[in-house]
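*Asks:* I'll drop the sequence and a predicted model, then ask my questions.
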Amino acid sequence: MAAADSPSTALRRRDLCSRGIRLAGKMRADVVDLLDTYVEQQGLDASATVAAVEGVPLAAVERWDEQTGTQRLLENLAAYRAFRALLAQMLEEQREQLGEADAGLGRALAAVLLQVSAFAYHLEELLRLESRGVPGEEGDGPPPPPRLSLFEQKLRGLGVLRELAQWAVRSARDLRQLAKPSPATGTAPGLAESP
């Protein structure tokens with residue numbers, strides 16, 4: 001019996017998936033709250049249309065149901081690593097723009113950044129459990145941003161937060177899928193397949 005098929009590994013996987021689902025739900029709730037605060041503090045219209053932001057991975061995927069567990073984990077990990085870099089950049093820009101004038105928004109951004117980092121680590125743990133090497137971070141982050149006007153920075157931030165909220169939903173869905181036992185083997189579906 002392979003290590004991925006052992007009962008203790010299956011229990012550990014289910015536990016990690018359950019905790020990940022809770023983390024994703026908490027993160028989504030915090031990001032939605034942050035979005036409201038961000039829109040208000042930045043003077044933006046909540047219904048503003050934002051074009052796709054370079055470096056922001058899209059949560060929407062075609063043929064989601066055809067992806068293996070490993071593919072789901074790797075896509076999630078790449079997305080959260082990119083979000084970690086983008087949120088750190090947003091936090092820095094926020095500090096430059098407002099200094100300590102709006103410490104509340106800065107604290108909320110820092111809290112979400114911490115959750116994103118923790119979630120990325122959680123995904124790495126799942127990949128290790130499945131005996132998959134965790135990919136290095138080089139090339140995962142977004143390209144260095146072009147110099148943006150203040151308004152463009154605000155819109156980019158809005159796009160980052162909106163997409164992060166969507167990723168939190170997708171991540172919970174991916175982890176629910178990974179936690180389901182396969183009828184034939186009792187293990188999570190698709191994890192034994194290579195990406």
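*Replies:* Yep, it's here.

*Asks:* least trustworthy helix or strand in this protein by mean pLDDT?
*Replies:* Ranked by mean pLDDT, DSSP states H and E, the helix or strand of the chain with the weakest confidence is helix 69-98, at a mean of 90.

*Asks:* buried stuff in that helix?
*Replies:* Buried residues in helix 69-98, defined by neighbour count with 16 or more other Cβ atoms under 10 Å: 69-91, 93-94. Yep, even glycine has a C-beta here, placed from its N, CA and C like the rest.

*Asks:* swap in stretch 54-69?
*Replies:* Residues G55, V56, P57, A59, Q67, T68, G69 are the ones in stretch 54-69 that count as buried (16+ other Cβ under 10 Å).

*Asks:* and the most centrally placed residue in the chain, what does it touch?
*Replies:* Nearest residue to the geometric centre of the chain (Cα atoms, centre = their mean): Y80, 3.7 Å. When contacts are counted by Cβ atoms under 8 Å, 6 or more residues apart in numbering, Y80 touches V116, F119, A120, L123, W167.

*Asks:* Would you check how far apart it and R12 are?
*Replies:* Distance, Y80 to R12, by Cβ to Cβ, to the nearest Å: 21 Å.

*Asks:* same deal with D30?
*Replies:* The value you get for D30 to R12, if Cβ to Cβ is used, is 26 Å.

*Asks:* between these two, which one's more packed in?
*Replies:* D30 (17 against 14; other Cβ atoms under 10 Å).

*Asks:* ok, so what distance separates that one from L109?
*Replies:* Distance from D30 to L109, by Cβ to Cβ: 10 Å.

*Asks:* And for L123?
*Replies:* Distance from L123 to L109, by Cβ to Cβ: 21 Å.

*Asks:* And those two? Which one has more around it.
*Replies:* Here L123 and L109 are compared on neighbour count by other Cβ under 10 Å; more neighbours surround L123, at 26 against 23.
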